[in-house]
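[1] structure for this input, please:
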Amino acid sequence: MAGSQIERVFNVLESLTREARGVPMQTLAEQLGIPKSATHRLLAELVRLGYVRQNAENSRYHLSTKLVAMGFQYLASSGADIVQPILDRLAQETGELVRLGVVDSERLTWIAKSQGARSGLRYDPDMGREAPLYYTASGHAWLASMTDALALAQVERQAIEAPDDLGPNAPQSNAQLLERLRVARECGYACVQESSAVGTSAIAAVVRSPLDQHVIGVLSVAGPSARLPQERLHALASGLLRFADELSVACQASELFAV
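    Residues are numbered from 1 along each chain as shown. Okay, the predicted model is just below:
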């Protein structure tokens, strides 16, 4: 994984992103596949520039808040304030978690959310993650907008390992996945129950560009299966599609969808 110097920098930053408790230099060196001396020089430069900090107590390296601030600045200047009120209204209407994923080249990344649950069980995952395509409602909604061949190629290209806590209803084969996509195409939206994890359900629909109708994002509603049985998921569909259409119009004023 050595790669170029810039690849090493981003590999370090991505590793630190996944470890809030910090990472020892030795571990980073092993992950990068380069000598400790080179890793130390790279980390020292990132510390100097303010992107990384070192914990004085245990010598672990952490991301600083500089990258976080840059992300918020980008969202503020790219039109996130235009789409957030739409997400908030859908979250209030459903009482569940609403997420927006943006299609960027070959990735679908969750970049914004609104939590509608005010009490009881809450499903509230982190943002900034690439959506797993094989077993999530967001992934199925996006894949269903493609041909079967392109959908399977996209899944193979992503090559995300299934987590240990994958739900019992996740597709067990490409044939099962394609059947889920067929149903999603017929309905106009995708539904999953206990697929990505035990006890969670979700429904998702694509957001299309008003100019040429290509898919630019995915809007989803997710929550505990106890509150989102199959009947309620399908009952939420009309509202979800209405808000997806609203996002389609709003996207013209947001750089988040400039793909």
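
[2] which strand or helix spans residue 191?
    strand 190-193 (DSSP states H and E).

[3] which outside residues touch that strand?
    Strand 190-193 is contacted by residues 135-138, 140-141, 144, 167, 169, 180-181, 184, 201-205, 225, 228-230, 233-234 when judged by Cβ atoms under 8 Å, 6 or more residues apart in numbering. The way it works is simple: take the backbone N, C-alpha and C, and place the C-beta from them, glycine included.

[4] could you redo the last one with a cut-off of 7 Å?
    Strand 190-193 has contacts (Cβ atoms under 7 Å, 6 or more residues apart in numbering) with 136-137, 140-141, 144, 169, 184, 201-204, 225, 230, 233.

[5] return the subset of those residues lying in strands.
    201, 202, 203, 204 (DSSP state E).

[6] the closest residue to the first one other than its chain neighbours: what secondary structure?
    It stands for residue 201. Spatial nearest neighbour of residue 201, excluding adjacent residues (Cβ to Cβ, 6 or more residues apart in numbering): residue 228 at 4.0 Å. Secondary structure state of residue 228, per DSSP: H, G, I helix; E, B strand; the rest coil, is coil.

[7] buried residues in the helix or strand containing residue 238?
    Secondary structure assignment for residue 238, by DSSP H and E: helix 237-250. Along helix 237-250, these residues count as buried under the neighbour rule (16 or more other Cβ atoms under 10 Å): 237, 240, 241, 243, 244, 246, 247, 248, 250.

[8] show me the contacts for the first one.
    Spelled out, that is residue 237. Counting by Cβ under 7 Å, 6+ apart, residue 237 makes contact with 189, 203.

[9] what do you get for the third one?
    With contact taken as Cβ under 7 Å, 6+ apart, residue 241 is in contact with 188, 189, 205.

[10] so where do the helices sit in the stretch 101-250 of the chain?
    Assigned by DSSP state H, counting those that start in this stretch, the helices in the stretch 101-250 of the chain fall at 137-143, 148-158, 174-187, 230-235, 237-250.
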